[in-house]
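>>> I would like to see how this sequence folds:
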Amino acid sequence: MFCPAMMMLPAFMVLLLGFSVRLSQTMTRDEKHRLRNQVVEMFDHAYQNYMDHAYPADELMPLTCRGRVRGLEPSRGDVDDALGRFSLTLIDTLDTLVLLNKTEEFEEAVKRVVKDVRLDNDIVVSVFETNIRVLGGLLGGHSMAVMLKERGERMLWYQDELLHMAKDLGIRLLPAFNTSSGLPYPRVNLRHGVQGPETRTGTETETCTACAGTIILEFAALSRFTGDPVFEAHARRALDFLWEKRQRNSNLVGTTINIHSGEWVRRDSGVGAGIDSYYEYLLKAYILLGDDQFLQRFNIHYASIMKYISQPPLLLDVHIHKPLLPARTWMDSLLAFFPGLQVLKGDIRPAIETHEMLYQVTKKHNFLPEAFTTDFRVHWAQHPLRPEFAESTYFLYKATRDPYYLEAGRTVLENLNRFARVPCGFAAMKDVRTGSHEDRMDSFFLAEMFKYLFLLFAEEEDLPFDVEDYVFTTEAHLLPLSLSTTLLSNLASTDNSTTTEELDDSNFEWTCPNTRLLFPDPAYPRNFREPIRSAVDRSCPRPTLPREPGLGRAPLRAQDFMANNPEHLELLRKMGVSLIHLKDGRVQLVQHATQAVSAVAAEDGMRFMQEMMELSSQQQKEQLPPRAVQIISHPFFGRVVLTAGPAQFGMDLSKNNLGIRGFVTVAEPYTGCSELSNGEFVAGRIALLQRGQCMFAEKARNIQKAGAIGGIVIDDNEGSSSDTAPLFQMAGDGRSTDDVTLPLLFLFHKEGNILLEALKEHREVEVLLSEKARDRGGDEAEEEGCCAEDHSTPAPSANPDQSQFTTQEQETVGEESEKPEAGLSNETPVSAGEEPAEDEDASSQSVDSLMADWQEDLEAFKQMEKDEL
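Numbers count the residues shown, from 1 in each chain. Just a heads-up that it's a prediction; the model follows:
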């Protein structure tokens with residue numbers, strides 16, 4: 001069937017990417033040539049160090065000059081799901097070698113991949129990362145090999161070996177799509193799939209939108225290269241399901257979705273982490289495959305993005321059901337790809353504005369922080385050498401030919417050499433503020449960064465092929481546009497819900513953008529950039545001296561708030577925020593804007609509530625499982641196990657097989673907020689402390705100074721219990737806690753009272769602090785199952801936000817007056833929940849009367865372990 005979209009594609013690419021706007025301050029051809037050569041030299045430095053020090057490992061560890069092999073290095077959680085013992089970096093780099101005119105190295109690399117790489121490893125990997133990096137890398141490498149062979153230059157021996165490997169990998173990924181919805185499981189075992197205990201996966205219930213929606217380019221290319229429609233059919237089915245589940249009023253999608261029910265788990269929507277490449281693949285699937293449905297869907301989504309999320313130059317997450325309500329006040333660095341996507345769309349003005357904001361933030365901090373606030377402060381300080389800003393810079397230069405973007409590329413180049421370059425490669429930034437490094441060089445650095453920088457500075461004659469004959473995947477792998485003419489007759493018969501969907505021509509923008517209208521004079525882009533540059537200069541860093549009207553002073557920030565500070569409580573009152581102490585020890589915040597002393601104060605209150613939501617979500621991103629306090633002395637012998645909350649600092653009990661065993665002693669003063677007066681009794685023992693009056697880290701330092709081997713903080717909120725309250729996770733005090741080396745655990749009032757009563761009755765009570773309960777011997781203990789089965793638990797997602805309107809499983813507190821739960825409703829409590837029944841007269845109960853509770857606590861701890869899985 002004739003497809004007009006395919007006929008107009010070359011014109012689209014030429015008009016959009018080929019127009020030249022000449023400004024007076026041009027970069028000389030010699031200078032571009034020098035920068036192009038510098039890109040090649042930097043690539044050689046990174047690639048050769050990987051080959052010399054890391055290959056066949058998946059990635060290079062540039063600080064220690066060795067390869068990262070999964071299972072041999074300490075786990076980094078979800079980040080390691082990209083590693084599958086398949087020489088990830090080499091596969092991810094294949095088509096970069098060709099683009100940089102390194103065809104000899106490319107041929108050698110292909111031979112190595114064919115000879116050395118195995119894809120049947122018994123290892124659990126991310127479906128998303130394996131698809132875009134490994135499958136995409138194999139397909140991009142295959143495209144380059146075929147091109148070189150057809151020219152008769154190199155690869156004359158090549159017989160589609162990379163394509164055969166790609167199909168083998170595609171087949172290994174297919175079991176992940178065996179769900180009722182068609183959305184893939186987030187992880188798959190390369191050897192065993194997702195079914196059965198040997199897979200060690202298949203129990204997940206949710207995935208991110210981008211994870212399920214960033215499959216179509218690679219799977220469709222695989223189907224069209226091999227003639228097997230099954231891959232493209234599965235990718236289309238997943239996209240169809242996501243489209244059907246969009247919020248129909250806002251036409252936005254959430255960040256994570258239940259793969260079985262299709263319910264949105266996280267309802268915040270943006271263009272950054274968790275969603276980003278879903279939108280990218282809708283537009284690029286239209287470009288590659290010529291399917292009008294993809295363009296229509298993209299245009300509908302894009303209109304909503306520009307209506308609700310885009311607040312030029314910012315791109316702020318909103319709630320899909322209430323798109324006028326912001327979901328957070330910070331942005332993540334992954335959204336830096338979006339200006340480049342807007343260039344492909346033809347919407348240049350907002351692309352210029354957002355890119356300029358990103359450029360100014362980059363110049364402030366040398367790199368884009370992993371996340372930054374709306375006033376351009378650092379939110380998360382890491383920078384893993386992400387390429388998205390360079391990608392957008394390249395596309396904007398291609399669209400405008402404005403040499404300003406060459407200077408932006410020069411900035412990226414120079415900062416990489418000045419701050420990230422190390423003897424064995426380039427190291428990710430652990431903190432952009434301090435310049436500290438992380439022993440990490442991700443494969444996408446070689447796959448993407450050097451492609452876009454080389455293309456930015458290269459002249460047309462420097463390129464070994466016409467890049468406009470290809471579409472870039474989200475990993476910058478090159479797939480030929482000729483695939484659009486490769487029709488799959490079997491695909492039409494697959495279950496595809498879009499085949500009956502009517503096309504609404506009003507949602508199409510068939511005409512190519514006219515850059516002469518977009519740029520009536522050469523100063524046009526500069527006119528957009530100037531006010532944004534000024535805004536960033538004014539906002540970063542934010543002045544602290546000027547006072548704001550309404551409160552008579554600078555507004556209270558969430559990270560500074562302490563619920564037992566009278567001055568803070570008075571500030572909350574002026575902002576219309578009331579504080580309620582719940583019986584389980586938590587604090588609830590409610591804002592009534594009408595009760596604020598002024599409109600400005602009400603706005604400050606709204607900002608405070610938003611920050612509190614973000615703080616709560618951010619602190620949950622590194623959730624730790626519950627710990628155990630087990631009473632092992634006579635007459636308990638390990639039968640009593642108390643559920644304890646962990647600390648984010650101090651000894652990690654999960655890495656101590658034996659745990660910490662010792663007798664308990666009450667610290668004096670009981671709060672532990674000053675030097676202990678009974679230090680001689682605390683030395684060599686586990687100190688009992690009361691919550692309150694100072695930070696957890698300060699308590700830990702004071703008992704450690706006295707010689708304690710561990711600490712247990714007991715809640716001072718009478719009636720609180722792990723049965724009814726979310727588990728506390730104790731955070732630090734905002735500064736380094738590396739000096740704290742002992743373990744610190746938290747017990748709610750009920751569980752702490754059990755321990756205190758045991759100490760009162762028996763005087764000498766020995767406990768074991770451990771990751772989980774241990775079998776201390778005795779039939780009864782064995783019957784109670786104190787030793788739980790050891791499961792491999794996947795690390796929490798790196799995605800920081802959890803739904804703000806669902807019950808939190810774990811609450812992190814860095815201050816003794818806990819960070820309250822927060823929400824944005826002006827009249828509704830932030831977190832609605834039933835108040836737990838108060839445990840009356842708990843302090844007067846004897847050990848005998850608490851025996852029934854011990855069994856209950858043991859069962860609760862075992863259930864908590866299951867919940868963590």
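>>> For stretch 189-207, list every residue counted as buried.
189-190, 192-194, 199-202, 206-207 (16 or more other C-beta atoms under 10 Å). C-beta here means a position set from N, CA and C on the backbone, and glycine is covered the same way.
>>> Out of those residues, flag the one nearest to residue 278.
Lowest distance from residue 278 to the buried residues of stretch 189-207 (C-beta to C-beta) belongs to residue 207, with 11.4 Å.
>>> how about that closest one, secondary structure?
Of the three states, residue 207 takes strand according to DSSP: H, G, I helix; E, B strand; the rest coil.
>>> In this structure it contacts residue 255, no?
No - taking contacts as C-beta atoms under 8 Å, residue 207 lies outside contact range of residue 255: 10.3 Å.
>>> Tabulate the CA atom coordinates of stretch 99-113 in PDB.
Written as PDB, here are the backbone C-alpha positions of stretch 99-113 (Å, rounded to 0.1, in the frame of the first residue of the first chain):
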ATOM      1  CA  LEU A  99      30.800   6.700  12.000                       C
ATOM      2  CA  LEU A 100      34.200   7.800  13.300                       C
ATOM      3  CA  ASN A 101      35.900   6.200  10.200                       C
ATOM      4  CA  LYS A 102      37.500   3.400  12.200                       C
ATOM      5  CA  THR A 103      36.400   0.600   9.900                       C
ATOM      6  CA  GLU A 104      39.500  -1.500  10.600                       C
ATOM      7  CA  GLU A 105      38.800  -1.400  14.300                       C
ATOM      8  CA  PHE A 106      35.100  -2.100  13.500                       C
ATOM      9  CA  GLU A 107      35.900  -5.300  11.600                       C
ATOM     10  CA  GLU A 108      38.100  -6.500  14.400                       C
ATOM     11  CA  ALA A 109      35.400  -5.700  17.000                       C
ATOM     12  CA  VAL A 110      32.800  -7.600  15.000                       C
ATOM     13  CA  LYS A 111      35.100 -10.700  14.900                       C
ATOM     14  CA  ARG A 112      35.600 -10.400  18.600                       C
ATOM     15  CA  VAL A 113      31.800 -10.200  19.300                       C
END
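>>> Check what contacts the lengthiest strand in the chain and list those residues.
In the chain, taking DSSP state E as the definition, the longest strand is strand 660-666. Strand 660-666 has contacts (C-beta atoms under 8 Å, 6 or more residues apart in numbering) with 632-633, 651, 653, 678, 681-682, 684-688, 709-710, 712, 742-743, 755-756, 759, 764-770.
>>> again, only using 7 Å
Strand 660-666 has contacts (C-beta atoms under 7 Å, 6 or more residues apart in numbering) with 681-682, 685-688, 709-710, 743, 755, 759, 764-769.
>>> Please identify the buried residues of the following helix or strand past it?
Using DSSP states H and E, the next helix or strand after strand 660-666 towards the C-terminus is helix 679-682. Across helix 679-682, burial judged by 16+ other C-beta under 10 Å covers 679, 681-682.
>>> Over to stretch 238-255?
In stretch 238-255, counting by 16+ other C-beta under 10 Å, buried: 238-243, 245-247, 250-255.
>>> what do you get for stretch 699-717?
For stretch 699-717, by 16+ other C-beta under 10 Å, it's 699-704, 706-717.
>>> doesn't residue 78 fall inside a helix?
Yes - checked against three-state DSSP, residue 78 lies within a helix.
>>> Count the neighbours of it for me.
With neighbours defined by other C-beta atoms under 10 Å, the count for residue 78 comes to 17.
>>> okay, it: pLDDT?
The per-residue pLDDT reported for residue 78 equals 91.
>>> Now do residue 303 against residue 347, distance only.
Per C-beta to C-beta, to the nearest Å, residue 303 is found 11 Å from residue 347.
>>> Of those two, which one has the most company?
Just comparing residue 303 and residue 347: by other C-beta under 10 Å the higher neighbour count belongs to residue 347, 18 against 12.
>>> Please report the separation between the first and final residues of stretch 96-104.
12 Å (C-alpha to C-alpha, to the nearest Å).
>>> quick one: that stretch to chain centroid distance?
32 Å (C-alpha atoms, centre = their mean, to the nearest Å).
>>> Show me which residues of that stretch are buried.
For stretch 96-104, the neighbour count (16+ other C-beta under 10 Å) marks 96-100, 102-103 as buried.
>>> Surely residue 388 touches residue 338?
No - using C-beta atoms under 7 Å, residue 388 is not in contact with residue 338, being 8.4 Å away.
>>> what sits against residue 127?
Residues counted as contacts of residue 127 (C-beta under 7 Å, 6+ apart) are 173, 176, 184-188, 211.
>>> Now do the same contact list for residue 691.
Residue 691 neighbours (C-beta under 7 Å, 6+ apart): 713-716, 816.
>>> measure it to residue 670 for me?
Distance check for residue 691 against residue 670: by C-beta to C-beta, it reads 10 Å.
>>> Likewise for residue 348?
Distance from residue 348 to residue 670, by C-beta to C-beta: 65 Å.
>>> chain center to stretch 746-759, what's the gap?
With C-alpha atoms, centre = their mean, you get 37 Å for stretch 746-759.
>>> Same question for stretch 123-134.
Relative to the centre of its chain, stretch 123-134 is centred 16 Å away, using C-alpha atoms, centre = their mean.
>>> What of stretch 652-659?
In terms of C-alpha atoms, centre = their mean, the centre of stretch 652-659 is set 27 Å apart from its chain centre.
>>> Alpha carbons of that stretch, as CSV, please.
Taking C-alpha atoms only, stretch 652-659 is exported to CSV below (Å, rounded to 0.1, in the frame of the first residue of the first chain):
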residue,chain,number,x,y,z
ASP,A,652,25.4,-2.2,57.2
LEU,A,653,24.1,-5.4,58.9
SER,A,654,23.3,-6.9,55.6
LYS,A,655,27.1,-7.2,55.0
ASN,A,656,27.8,-8.7,58.4
ASN,A,657,27.0,-12.4,58.4
LEU,A,658,27.3,-12.8,62.2
GLY,A,659,25.5,-9.6,63.2
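>>> Show me which parts of it are buried, residue by residue.
With burial defined by 16+ other C-beta under 10 Å, the residues of stretch 652-659 counted as buried are 653, 659.
>>> Residues touching that stretch, excluding its own?
627, 743, 768-771.
>>> among those residues, which ones are buried?
Judged by 16+ other C-beta under 10 Å, buried ones among the contacts of stretch 652-659: 627, 743, 768-771.
>>> The stretch 201-350 of the chain: strands as residue ranges?
206-208, 256-258, 264-266, 268-269, 310-311, 314-315, 318-319, 330-332 (DSSP state E, counting those that start in this stretch).
>>> mind giving me TSV with the ones you listed and columns for distance to residue 657?
Output for those, formatted as TSV (distance: least, C-beta to C-beta, whole Å):
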stretch	distance to residue 657
strand 206-208	32
strand 256-258	34
strand 264-266	35
strand 268-269	40
strand 310-311	51
strand 314-315	46
strand 318-319	44
strand 330-332	37
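>>> and whichever strand or helix holds residue 761, how far out from the chain's middle?
Using DSSP H and E, residue 761 falls within helix 749-762. How far helix 749-762 lies from its chain's middle: 41 Å, per C-alpha atoms, centre = their mean.
>>> And for stretch 412-424?
Distance, stretch centre to chain centre, for stretch 412-424: 24 Å (C-alpha atoms, centre = their mean).
>>> and it, what's its mean pLDDT?
95.
>>> which parts of that stretch are buried?
412-413, 415-416, 419-421, 424.
>>> ok so, going back, and the contacts of stretch 652-659, which of them are in strands?
627, 768-770.
>>> Would you tell me which one of the residues you listed comes nearest to residue 443?
residue 627 (35.6 Å).
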